[in-house]
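[1] Pasting a predicted model and its sequence here:
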Amino acid sequence: MQTSTPKSSMMIKNQLKIKKFYKKLESKQVIAISGGQDSIYLLNLIEHFQDQYQNKKNKEHTSYIYIDHQWRKDSYKQTIHIINYIRSIKRKIYVYQLPQNLLSEKLCRIYRYHLFTKHAIQYSNKFIVTGHNETDKVETFLNNFFRGSGLQGTTSLVAKSKITQNIYLLRPLLHLKRSYIYWACKKFYLPIWSDNTNYKYKFERNRTRCELIPYLKKYFHRNIESSINLLLKNCYRDNEYIRQSTIKLYLTIKHPRYIAINHKKFRKQNFTLQLKIMQVFCIYNLNFNPKQNEMVKILIDINTNTIYKYFKIALEDLQMNISQKWIYITLQI
(Lines give C-alpha, C1' and ligand atoms only; values in the text may rest on other atoms or scores of the structure.)
Protein backbone atom coordinates (compact mmCIF):
# COMPACT_ATOMS: atom_id res chain seq x y z
CA MET A 1 0.00 0.00 0.00
CA GLN A 2 1.40 3.38 -1.04
CA THR A 3 1.61 6.02 1.69
CA SER A 4 1.55 9.73 1.05
CA THR A 5 4.48 11.93 2.03
CA PRO A 6 3.97 14.84 4.47
CA LYS A 7 4.27 17.35 1.62
CA SER A 8 1.77 15.42 -0.51
CA SER A 9 -0.73 15.54 2.38
CA MET A 10 -0.02 19.25 2.77
CA MET A 11 -0.61 19.74 -0.95
CA ILE A 12 -4.11 18.21 -0.65
CA LYS A 13 -4.97 20.43 2.34
CA ASN A 14 -3.68 23.53 0.54
CA GLN A 15 -5.66 22.73 -2.59
CA LEU A 16 -8.82 22.40 -0.50
CA LYS A 17 -8.21 25.82 1.05
CA ILE A 18 -7.56 27.48 -2.30
CA LYS A 19 -10.54 25.64 -3.82
CA LYS A 20 -12.84 27.39 -1.31
CA PHE A 21 -11.23 30.69 -2.25
CA TYR A 22 -11.56 29.99 -5.98
CA LYS A 23 -15.28 29.19 -5.82
CA LYS A 24 -15.90 32.74 -4.57
CA LEU A 25 -14.37 34.29 -7.70
CA GLU A 26 -17.39 34.97 -9.87
CA SER A 27 -16.44 38.44 -11.12
CA LYS A 28 -13.67 39.49 -13.50
CA GLN A 29 -10.18 38.93 -12.09
CA VAL A 30 -6.64 39.78 -13.13
CA ILE A 31 -3.75 37.61 -11.90
CA ALA A 32 -0.42 39.37 -11.33
CA ILE A 33 2.49 37.15 -12.43
CA SER A 34 6.26 37.57 -12.47
CA GLY A 35 7.56 34.27 -13.84
CA GLY A 36 8.83 33.21 -10.42
CA GLN A 37 7.76 30.14 -8.48
CA ASP A 38 4.97 31.85 -6.50
CA SER A 39 3.10 33.33 -9.46
CA ILE A 40 3.57 30.27 -11.71
CA TYR A 41 2.29 27.99 -8.94
CA LEU A 42 -0.72 30.30 -8.44
CA LEU A 43 -1.37 30.37 -12.20
CA ASN A 44 -1.38 26.58 -12.44
CA LEU A 45 -3.66 26.19 -9.43
CA ILE A 46 -6.22 28.58 -10.90
CA GLU A 47 -6.06 26.89 -14.31
CA HIS A 48 -6.36 23.48 -12.63
CA PHE A 49 -9.55 24.47 -10.79
CA GLN A 50 -11.02 26.04 -13.92
CA ASP A 51 -10.44 22.83 -15.87
CA GLN A 52 -11.68 20.68 -13.00
CA TYR A 53 -14.98 22.54 -12.64
CA GLN A 54 -15.22 23.42 -16.35
CA ASN A 55 -16.12 26.93 -15.36
CA LYS A 56 -16.25 28.68 -18.76
CA LYS A 57 -17.47 31.92 -17.19
CA ASN A 58 -14.41 32.16 -14.91
CA LYS A 59 -12.11 31.28 -17.84
CA GLU A 60 -13.45 34.21 -19.83
CA HIS A 61 -13.17 36.50 -16.81
CA THR A 62 -9.56 35.56 -15.99
CA SER A 63 -6.62 37.49 -17.44
CA TYR A 64 -2.97 37.99 -16.48
CA ILE A 65 -0.81 41.05 -15.98
CA TYR A 66 2.99 41.23 -16.00
CA ILE A 67 5.17 44.20 -14.96
CA ASP A 68 8.62 44.36 -16.58
CA HIS A 69 10.96 46.28 -14.23
CA GLN A 70 13.79 46.28 -16.83
CA TRP A 71 16.35 45.64 -14.10
CA ARG A 72 18.20 42.90 -16.01
CA LYS A 73 19.70 42.47 -19.45
CA ASP A 74 17.55 39.39 -20.08
CA SER A 75 14.26 41.04 -19.00
CA TYR A 76 13.06 41.03 -22.63
CA LYS A 77 13.65 37.26 -22.88
CA GLN A 78 11.75 36.71 -19.64
CA THR A 79 8.84 38.77 -20.98
CA ILE A 80 8.72 36.67 -24.18
CA HIS A 81 8.88 33.47 -22.09
CA ILE A 82 5.88 34.54 -19.99
CA ILE A 83 3.87 35.71 -23.03
CA ASN A 84 4.47 32.38 -24.79
CA TYR A 85 3.48 30.42 -21.70
CA ILE A 86 0.22 32.35 -21.24
CA ARG A 87 -0.56 31.96 -24.95
CA SER A 88 -0.02 28.21 -24.65
CA ILE A 89 -2.90 28.01 -22.15
CA LYS A 90 -4.99 30.38 -24.32
CA ARG A 91 -5.34 33.24 -21.90
CA LYS A 92 -5.07 37.02 -22.17
CA ILE A 93 -1.96 38.75 -20.84
CA TYR A 94 -1.21 42.45 -20.47
CA VAL A 95 2.42 43.60 -20.22
CA TYR A 96 3.59 46.93 -18.76
CA GLN A 97 7.12 48.31 -18.50
CA LEU A 98 8.51 50.49 -15.72
CA PRO A 99 11.13 53.19 -16.44
CA GLN A 100 14.68 51.76 -16.59
CA ASN A 101 16.07 54.24 -14.04
CA LEU A 102 13.54 53.18 -11.39
CA LEU A 103 15.79 51.14 -9.07
CA SER A 104 14.16 51.84 -5.72
CA GLU A 105 12.16 48.92 -4.28
CA LYS A 106 9.68 51.30 -2.70
CA LEU A 107 9.08 53.29 -5.90
CA CYS A 108 8.72 50.10 -7.95
CA ARG A 109 6.14 48.78 -5.50
CA ILE A 110 4.16 52.04 -5.70
CA TYR A 111 4.29 52.03 -9.52
CA ARG A 112 3.35 48.35 -9.63
CA TYR A 113 0.23 48.65 -7.50
CA HIS A 114 -0.74 51.85 -9.27
CA LEU A 115 -0.64 49.96 -12.59
CA PHE A 116 -2.60 47.04 -11.11
CA THR A 117 -5.34 49.39 -9.89
CA LYS A 118 -5.43 51.44 -13.09
CA HIS A 119 -5.64 48.27 -15.17
CA ALA A 120 -8.41 46.82 -13.00
CA ILE A 121 -10.46 50.01 -13.34
CA GLN A 122 -9.95 50.16 -17.11
CA TYR A 123 -10.97 46.52 -17.71
CA SER A 124 -13.63 46.33 -14.96
CA ASN A 125 -11.80 43.73 -12.86
CA LYS A 126 -13.16 43.29 -9.36
CA PHE A 127 -10.23 41.21 -8.03
CA ILE A 128 -6.46 41.63 -8.33
CA VAL A 129 -4.79 38.34 -7.32
CA THR A 130 -1.11 38.10 -6.33
CA GLY A 131 1.14 35.19 -5.36
CA HIS A 132 2.40 36.46 -1.99
CA ASN A 133 3.11 33.65 0.46
CA GLU A 134 3.66 33.23 4.20
CA THR A 135 7.42 33.84 3.88
CA ASP A 136 6.71 37.16 2.11
CA LYS A 137 4.53 38.13 5.07
CA VAL A 138 7.39 37.45 7.50
CA GLU A 139 9.86 39.44 5.34
CA THR A 140 7.42 42.36 5.08
CA PHE A 141 6.97 42.35 8.85
CA LEU A 142 10.73 42.47 9.48
CA ASN A 143 11.30 45.28 6.94
CA ASN A 144 8.42 47.36 8.33
CA PHE A 145 9.53 46.63 11.91
CA PHE A 146 13.01 48.04 11.21
CA ARG A 147 11.41 51.17 9.73
CA GLY A 148 9.49 51.74 12.95
CA SER A 149 6.02 50.95 11.60
CA GLY A 150 3.17 50.47 14.04
CA LEU A 151 0.65 47.63 14.22
CA GLN A 152 -1.03 48.68 10.99
CA GLY A 153 2.23 48.69 9.02
CA THR A 154 3.57 45.39 10.34
CA THR A 155 0.31 43.55 9.63
CA SER A 156 -0.37 45.14 6.22
CA LEU A 157 0.04 41.91 4.20
CA VAL A 158 -3.37 40.24 4.59
CA ALA A 159 -5.31 37.70 2.50
CA LYS A 160 -7.96 40.21 1.39
CA SER A 161 -7.87 43.99 1.33
CA LYS A 162 -9.94 46.70 -0.30
CA ILE A 163 -8.14 49.00 -2.74
CA THR A 164 -11.06 51.06 -4.03
CA GLN A 165 -14.81 50.98 -3.55
CA ASN A 166 -15.21 48.11 -6.04
CA ILE A 167 -11.73 46.50 -6.29
CA TYR A 168 -10.20 43.97 -3.90
CA LEU A 169 -6.63 42.67 -3.59
CA LEU A 170 -6.47 38.92 -2.90
CA ARG A 171 -3.50 36.80 -1.76
CA PRO A 172 -4.68 33.15 -1.73
CA LEU A 173 -1.18 31.69 -1.10
CA LEU A 174 -0.57 33.64 2.10
CA HIS A 175 -0.81 30.48 4.24
CA LEU A 176 1.93 28.65 2.24
CA LYS A 177 5.67 28.74 2.91
CA ARG A 178 8.06 29.43 0.04
CA SER A 179 9.80 26.09 0.59
CA TYR A 180 6.55 24.21 -0.04
CA ILE A 181 5.80 26.20 -3.22
CA TYR A 182 9.33 25.47 -4.48
CA TRP A 183 8.79 21.74 -3.84
CA ALA A 184 5.43 21.78 -5.68
CA CYS A 185 6.94 23.58 -8.69
CA LYS A 186 9.70 20.95 -8.92
CA LYS A 187 7.21 18.10 -8.52
CA PHE A 188 5.01 19.30 -11.41
CA TYR A 189 7.89 20.57 -13.62
CA LEU A 190 6.51 24.09 -13.79
CA PRO A 191 8.39 26.52 -16.10
CA ILE A 192 9.94 28.86 -13.53
CA TRP A 193 12.14 31.72 -14.71
CA SER A 194 15.01 32.23 -12.26
CA ASP A 195 15.43 35.93 -11.43
CA ASN A 196 19.04 36.76 -10.52
CA THR A 197 17.98 40.10 -8.97
CA ASN A 198 16.66 38.00 -6.04
CA TYR A 199 20.31 37.39 -5.09
CA LYS A 200 21.55 40.99 -5.26
CA TYR A 201 22.12 42.23 -1.74
CA LYS A 202 21.73 45.92 -2.61
CA PHE A 203 17.99 45.27 -2.25
CA GLU A 204 16.82 45.31 1.37
CA ARG A 205 14.32 42.44 0.94
CA ASN A 206 17.05 40.16 -0.46
CA ARG A 207 19.27 40.83 2.55
CA THR A 208 16.35 39.99 4.84
CA ARG A 209 15.57 36.81 2.87
CA CYS A 210 19.09 35.48 2.29
CA GLU A 211 20.97 36.70 5.38
CA LEU A 212 18.78 37.81 8.27
CA ILE A 213 16.15 35.03 8.33
CA PRO A 214 18.72 32.17 7.92
CA TYR A 215 20.78 33.76 10.72
CA LEU A 216 17.73 33.95 13.02
CA LYS A 217 16.88 30.33 12.22
CA LYS A 218 20.38 29.11 12.99
CA TYR A 219 21.19 31.08 16.13
CA PHE A 220 17.83 31.97 17.71
CA HIS A 221 14.86 29.83 16.72
CA ARG A 222 14.65 27.18 14.01
CA ASN A 223 10.90 27.87 13.56
CA ILE A 224 11.25 31.65 13.57
CA GLU A 225 8.89 32.06 10.59
CA SER A 226 6.06 30.19 12.34
CA SER A 227 6.63 32.20 15.53
CA ILE A 228 6.52 35.53 13.65
CA ASN A 229 3.42 34.41 11.77
CA LEU A 230 1.69 33.64 15.10
CA LEU A 231 2.75 37.07 16.39
CA LEU A 232 1.29 38.68 13.26
CA LYS A 233 -2.05 36.94 13.79
CA ASN A 234 -2.23 38.32 17.35
CA CYS A 235 -1.16 41.80 16.19
CA TYR A 236 -3.77 41.72 13.44
CA ARG A 237 -6.54 41.00 15.98
CA ASP A 238 -5.30 43.84 18.22
CA ASN A 239 -5.11 46.19 15.24
CA GLU A 240 -8.64 45.29 14.16
CA TYR A 241 -9.92 46.02 17.69
CA ILE A 242 -8.22 49.43 17.70
CA ARG A 243 -9.50 50.20 14.18
CA GLN A 244 -13.12 49.36 15.03
CA SER A 245 -12.92 51.27 18.33
CA THR A 246 -11.52 54.29 16.46
CA ILE A 247 -14.37 54.31 13.94
CA LYS A 248 -17.02 53.98 16.68
CA LEU A 249 -15.49 56.83 18.70
CA TYR A 250 -15.11 59.05 15.64
CA LEU A 251 -18.80 58.60 14.75
CA THR A 252 -19.69 59.45 18.35
CA ILE A 253 -17.68 62.68 18.66
CA LYS A 254 -17.91 64.13 15.13
CA HIS A 255 -20.17 67.10 14.41
CA PRO A 256 -23.53 66.05 12.87
CA ARG A 257 -23.31 68.66 10.09
CA TYR A 258 -19.86 70.29 9.90
CA ILE A 259 -16.28 69.00 9.56
CA ALA A 260 -15.43 69.06 13.25
CA ILE A 261 -15.00 66.81 16.27
CA ASN A 262 -15.96 67.45 19.89
CA HIS A 263 -12.94 68.83 21.76
CA LYS A 264 -13.91 67.77 25.29
CA LYS A 265 -14.88 64.22 24.33
CA PHE A 266 -11.74 63.91 22.20
CA ARG A 267 -9.45 64.83 25.11
CA LYS A 268 -10.93 62.09 27.30
CA GLN A 269 -9.68 59.33 24.98
CA ASN A 270 -6.42 57.41 25.20
CA PHE A 271 -3.52 59.07 23.31
CA THR A 272 -3.33 56.21 20.77
CA LEU A 273 -7.04 56.50 20.05
CA GLN A 274 -6.67 60.28 19.72
CA LEU A 275 -3.98 59.75 17.09
CA LYS A 276 -6.10 57.23 15.17
CA ILE A 277 -9.22 59.43 15.36
CA MET A 278 -7.29 62.41 14.01
CA GLN A 279 -5.96 60.29 11.14
CA VAL A 280 -9.49 59.17 10.26
CA PHE A 281 -10.67 62.79 10.52
CA CYS A 282 -8.00 64.03 8.08
CA ILE A 283 -8.20 61.11 5.62
CA TYR A 284 -12.00 61.04 5.44
CA ASN A 285 -12.60 64.80 5.25
CA LEU A 286 -9.40 66.16 3.68
CA ASN A 287 -8.09 63.16 1.72
CA PHE A 288 -4.57 63.30 3.18
CA ASN A 289 -2.75 61.43 5.93
CA PRO A 290 -0.62 63.76 8.11
CA LYS A 291 2.83 62.64 9.23
CA GLN A 292 2.76 60.89 12.58
CA ASN A 293 5.45 63.05 14.22
CA GLU A 294 3.54 66.21 13.24
CA MET A 295 0.28 64.80 14.56
CA VAL A 296 1.92 63.78 17.85
CA LYS A 297 3.09 67.39 18.37
CA ILE A 298 -0.42 68.67 17.65
CA LEU A 299 -1.98 66.21 20.12
CA ILE A 300 0.51 67.22 22.82
CA ASP A 301 -0.51 70.87 22.30
CA ILE A 302 -4.19 69.95 22.46
CA ASN A 303 -3.79 67.91 25.67
CA THR A 304 -1.54 70.39 27.48
CA ASN A 305 -3.74 73.43 26.80
CA THR A 306 -5.89 73.24 29.93
CA ILE A 307 -7.31 76.79 29.63
CA TYR A 308 -9.48 75.83 26.60
CA LYS A 309 -8.72 79.11 24.85
CA TYR A 310 -9.01 79.45 21.11
CA PHE A 311 -5.71 78.70 19.34
CA LYS A 312 -4.49 77.60 15.88
CA ILE A 313 -2.02 75.01 14.62
CA ALA A 314 -0.54 75.08 11.09
CA LEU A 315 -1.01 71.82 9.21
CA GLU A 316 0.53 71.94 5.68
CA ASP A 317 -1.66 74.37 3.67
CA LEU A 318 -4.48 73.96 6.18
CA GLN A 319 -5.08 75.27 9.66
CA MET A 320 -6.41 73.31 12.62
CA ASN A 321 -8.53 75.44 14.92
CA ILE A 322 -9.22 74.38 18.50
CA SER A 323 -11.95 76.23 20.35
CA GLN A 324 -13.48 75.46 23.73
CA LYS A 325 -15.81 72.83 22.25
CA TRP A 326 -14.74 71.92 18.70
CA ILE A 327 -11.67 70.99 16.65
CA TYR A 328 -12.10 71.99 13.00
CA ILE A 329 -10.12 72.73 9.84
CA THR A 330 -9.90 75.95 7.78
CA LEU A 331 -7.80 77.02 4.80
CA GLN A 332 -4.83 79.29 5.52
CA ILE A 333 -5.32 82.79 4.12
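    The structure has been received and is ready for your questions. Numbering: from 1, shown residues only.
[2] Wait, a strand at Asn125?
    No - Asn125: not assigned to a strand; according to DSSP: H, G, I helix; E, B strand; the rest coil it is coil.
[3] Next up, the contacts around it.
    Applying C-beta atoms under 8 Å, 6 or more residues apart in numbering, we find Asn125 in contact with Ser27, Lys28, Gln29, Val30, Ser63, His119, Ile167. No exception for glycine: its C-beta is placed from N, CA and C like everyone else's.
[4] switch to 6 Å and redo it
    By C-beta atoms under 6 Å, 6 or more residues apart in numbering, the residues touching Asn125 are Lys28, Gln29, Val30.
[5] Go through the residues you listed and give me the one with the most neighbours.
    Neighbour counts for the contacts of Asn125, by other C-beta atoms under 10 Å, peak at Val30, which reaches 23 neighbours.
[6] Return the backbone torsion pair for the closest residue to it other than its chain neighbours.
    Closest residue in space to Val30, ignoring its immediate chain neighbours: Asn125 at 4.6 Å, by C-beta to C-beta, 6 or more residues apart in numbering. Asn125 adopts backbone torsions of phi -90, psi 130, taken as degrees, to the nearest 10.
[7] again with Leu174
    The phi/psi pair for Leu174 (degrees, to the nearest 10) is phi -70, psi -10.
[8] What confidence value was assigned to the residue nearest to it when sequence neighbours are not counted?
    Leaving aside its sequence neighbours, Leu174 sits nearest to Ala159 (C-beta to C-beta, 6+ apart; 4.9 Å). We have a pLDDT of 86 for Ala159.
[9] Then Ser39?
    91.
[10] Repeat that for the one 3 residues further on.
    Model confidence at Leu42, given as pLDDT, is 91.
[11] Where does it sit, in terms of helix or strand?
    Per DSSP states H and E: Leu42 is located in helix 37-53.
[12] Now do the buried residues in that helix.
    Across helix 37-53, burial judged by 16 or more other C-beta atoms under 10 Å covers Gln37, Asp38, Ser39, Ile40, Tyr41, Leu42, Leu43, Asn44, Leu45, Ile46, Phe49, Gln50.
[13] In terms of pLDDT, where does the last one sit?
    Right, the one you point to is Gln50. What the model reports for Gln50 is a pLDDT of 76.
[14] how about the helices in the stretch 151-300 of the chain?
    Here the stretch 151-300 of the chain has its helices, by DSSP state H, counting those that start in this stretch, at 151-154, 178-187, 204-207, 213-219, 224-253, 263-267, 271-286, 292-304.
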